[in-house]
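Q: sequence and computational prediction follow.
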Amino acid sequence: MVELNTQPVSASPTTNGLPGTLTLLGAALKNLLPKVLTLLVISIVPIGIIALLAVFAPLILMLLVSALAGIWLPVPIIILGIAAPIIAISFIMAWAQLAIIYAIRGFQLGAALNASTKDLFSYFKIILIGEFIALGATFLFVLPGIAVSVWFAFAAFIFADQKKRGLAVLSQSRALVQGRWWSIFGRFFVAGIILLGPMYIITLLNESFVPQNYQSIIQIVLMVAQFLIGLLAIAFTNELYNNIKNQPTEPIKSNKPLVAMALAGYVLLFAGGAYLISVVSNFIPQMIGPPYYPDAPSNSSIPNDTESRDARDAKRLQDISQMQLALALYKNDQGTYPSTLDALVDTGFIGTLPNDPDMILPSFSNTSTASPLEPPKSFPYFLYAVSPTKDKYHLGIALENPENKALCTDADFDTKSNPNGGFEGFGDNPTRFCDGERGNDNLKYPMYDVAG
């Protein structure tokens, strides 16, 4: 039979029937010291699991880099790759927190771990609901969020002690706090100053006066102290709960007002965010002026850039990937690559040749003919050249952004000497990013080229 630490601290100067902050901290420390080793073991477990989950970090990095490079993956894969580690870590932290609470309340190590594992999903549900309400209330200018956080301060301990579940846990915590809010808030506030104040002062002194060679040592000591203070804060809340749980309360009729307040906070957040986006989107163009086009003379005519050039470049990179697939299918069926891209349409390997998005680049069309710089002021959307034996091809497309990272991974081939016509996939301007340029005497754009 597990012996739980549920007895209130002995009599001492009180306000509103509760012991003072120092008395509660003393009782919490006395309860905590014999259990430090158990709590340390419980804390090491999630740290180890989170370290293993670090293998997801390269996946998240890959998704972000792919997005920046214009190589767009399916949205569900991106969401899953980012959300899965976050959800897993949230469950692990909730499990550890509940196990620590069970241990502080008197459970032995094995019993605390088993109870936490058994009750994890029910506890996680309470955390989600409580955090949803508290966060939404915080969006209503912070103070409501503080009030809700104090109301729900004892939810985890009620869950572990009274085996209540769902909204009943939050209602019971609110009922315990009702009529004593300022007394409880005051104790949390004073305890926070006592526990965190010295750490803040030591951190300032460490950064200002301690030699740099020794700062890392003090930072490690501060990290260990922060961990122990976190445990002491949980033990302090446990002592406060033990002293308040048997006091008379009035039942809470409904939590609907809190839910409504939280929803109002989220509505305010989204409305404010939409307004801010509107203001910023109108202000930025006025601040930065018209879009910049590399090597464009002042008298050239450039269409107004109403959309992101990176978004248009992403569409162009998708189009050239589509053409690569169609060329591969054509060669697999015909044995050679086509003489012109129009043959892909004629043979049904592609419906129509893509057009440049919004025709931002000058005089682009979906024609596959001719050399890259003719006629003087226009050139095709795709540049295409095939070898005399039609077993190799060179395909290029112009991008708007000269610093698009995709330009660092393209072919950079030069097929101008090809008897069937070709083009240069790189430029001779050393100031350009990664590779070259395409254009005419008036306008030049970076070239992205592939070969097969």
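A: Here it is on my side, so go on. Keep in mind that this is a model prediction, so the values were computed, not measured.
Q: all helices for the stretch 1-150 of the chain, in order.
A: 21-32, 36-53, 56-68, 75-104, 109-138, 143-151 (DSSP state H, counting those that start in this stretch).
Q: nearest to residue 271, out of those helices?
A: helix 109-138 (13.3 Å; C-beta to C-beta). Using the backbone N, CA and C atoms, a C-beta is placed for each residue, glycine as well.
Q: and the closest one, what does it pack onto?
A: helix 36-53, helix 75-104, helix 143-151, helix 155-162, helix 167-177, helix 256-288 (3 or more C-beta pairs under 8 Å, 6 or more residues apart in numbering; DSSP states H and E).
Q: what comes up buried for it?
A: Within helix 109-138, the residues that qualify as buried are 109, 112-113, 115-116, 119-120, 123-124, 126-127, 129-130, 133-138, counting by 16 or more other C-beta atoms under 10 Å.
Q: any idea of the mean pLDDT in it?
A: Across helix 109-138, the average pLDDT comes to 90.
Q: now stretch 236-248
A: 91.
Q: over to stretch 319-335?
A: Stretch 319-335 comes out at a mean pLDDT of 85.
Q: pull out the buried residues from that stretch.
A: 319-320, 323, 326-327, 330-331.
Q: ok, which of the helices and strands packed on helix 109-138 comes nearest residue 396?
A: helix 75-104 (28.5 Å).
Q: buried sites along that closest one?
A: 78, 81, 85, 91-92, 94-104.
Q: got the angle for it vs helix 155-162?
A: 60 degrees (axes from the mean of the first three to the mean of the last three C-alpha atoms, to 10 degrees).
Q: helices and strands around helix 75-104, which ones?
A: So helix 75-104, by 3+ C-beta pairs under 8 Å, 6+ apart, packs with helix 36-53, helix 56-68, helix 109-138, helix 155-162, helix 212-244.
Q: can you tell me which of those helices is most buried?
A: helix 155-162 (a mean of 22; mean count of other C-beta atoms under 10 Å).
Q: now it and helix 212-244, what's the angle there?
A: 50 degrees.
Q: CA atoms of helix 155-162 as CSV?
A: The C-alpha trace of helix 155-162 is given here as CSV (Å, rounded to 0.1, in the frame of the first residue of the first chain):
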residue,chain,number,x,y,z
ALA,A,155,-5.6,20.4,-11.4
ALA,A,156,-2.7,17.9,-11.7
PHE,A,157,-2.7,17.2,-8.0
ILE,A,158,-6.5,16.7,-7.9
PHE,A,159,-6.0,14.3,-10.8
ALA,A,160,-3.4,12.3,-8.9
ASP,A,161,-5.1,12.5,-5.5
GLN,A,162,-8.8,12.3,-6.1
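Q: which residues are contacting that helix?
A: 4, 6, 97-98, 101-102, 105, 115, 119, 122-123, 126, 130, 164-165, 169-170, 172-173, 176, 237-238, 241, 245 (C-beta atoms under 8 Å, 6 or more residues apart in numbering).
Q: how far away from the center of its chain is it?
A: Distance, stretch centre to chain centre, for helix 155-162: 31 Å (C-alpha atoms, centre = their mean, to the nearest Å).
Q: that one to helix 109-138, inter-axis angle?
A: 140 degrees.
Q: quick one: helix 155-162 to helix 167-177, angle?
A: 110 degrees.
Q: quick one: average pLDDT of helix 155-162?
A: pLDDT averaged over helix 155-162 gives 91.
Q: where are the low-confidence patches of the stretch 201-350 of the chain?
A: 280-307 (pLDDT under 70).
Q: switch the cut-off to 90
A: For the stretch 201-350 of the chain, the stretches with pLDDT under 90 are 202-227, 246-350.
Q: any idea how far residue 168 lies from residue 83?
A: As judged by C-beta to C-beta, to the nearest Å, residue 168 and residue 83 stand 29 Å apart.
Q: likewise residue 95?
A: 18 Å.
Q: just residue 247 next, same as before
A: 42 Å.
Q: can you check residue 332 too?
A: 38 Å.
Q: now residue 392
A: 43 Å.
Q: show the pLDDT at residue 19.
A: pLDDT, residue 19: 91.
Q: so where do the helices sit in the stretch 301-450 of the chain?
A: Using DSSP H, counting those that start in this stretch, helices in the stretch 301-450 of the chain cover 309-334, 342-346.
Q: distance to residue 263 added to those helices, as TSV?
A: Below are these laid out as TSV (distance: least, C-beta to C-beta, whole Å):
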stretch	distance to residue 263
helix 309-334	33
helix 342-346	53
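Q: out of these, flag the one nearest residue 212.
A: helix 309-334 (40.8 Å).
Q: starting at the chain centroid, how far to that closest one?
A: 31 Å.
Q: one more: stretch 19-31?
A: With C-alpha atoms, centre = their mean, you get 39 Å for stretch 19-31.
Q: just to revisit the earlier point, can I get the helices and strands packed on helix 109-138 in CSV including distance to residue 337?
A: Listed next are these as CSV, based on distance: least, C-beta to C-beta, whole Å:
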stretch, distance to residue 337
helix 36-53, 46
helix 75-104, 32
helix 143-151, 63
helix 155-162, 66
helix 167-177, 66
helix 256-288, 44
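Q: residues touching residue 144, list them.
A: Residues near residue 144 by C-beta under 8 Å, 6+ apart: 137-138, 261, 265.
Q: can we see that at 10 Å?
A: 133-134, 136-138, 258, 261-262, 264-265 (C-beta atoms under 10 Å, 6 or more residues apart in numbering).
Q: looking at the helices of the stretch 301-450 of the chain, which is closest to residue 201?
A: Using C-beta to C-beta, the helices of the stretch 301-450 of the chain put helix 309-334 closest to residue 201, at 46.8 Å.
Q: what's the closest one packed up against?
A: helix 342-346, strand 382-386, strand 393-398, strand 444-451 (3 or more C-beta pairs under 10 Å, 6 or more residues apart in numbering; DSSP states H and E).
Q: and the first one, how far from the chain's centre?
A: Centre-to-centre, helix 342-346 and its host chain are 44 Å apart (C-alpha atoms, centre = their mean).
Q: would you mind extracting the C-alpha trace of that helix into CSV?
A: Output of helix 342-346 as CSV, limited to C-alpha atoms (Å, rounded to 0.1, in the frame of the first residue of the first chain):
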residue,chain,number,x,y,z
ASP,A,342,6.4,20.4,-79.1
ALA,A,343,6.7,16.7,-79.9
LEU,A,344,5.8,16.0,-76.2
VAL,A,345,2.4,17.5,-76.9
ASP,A,346,1.9,15.9,-80.2
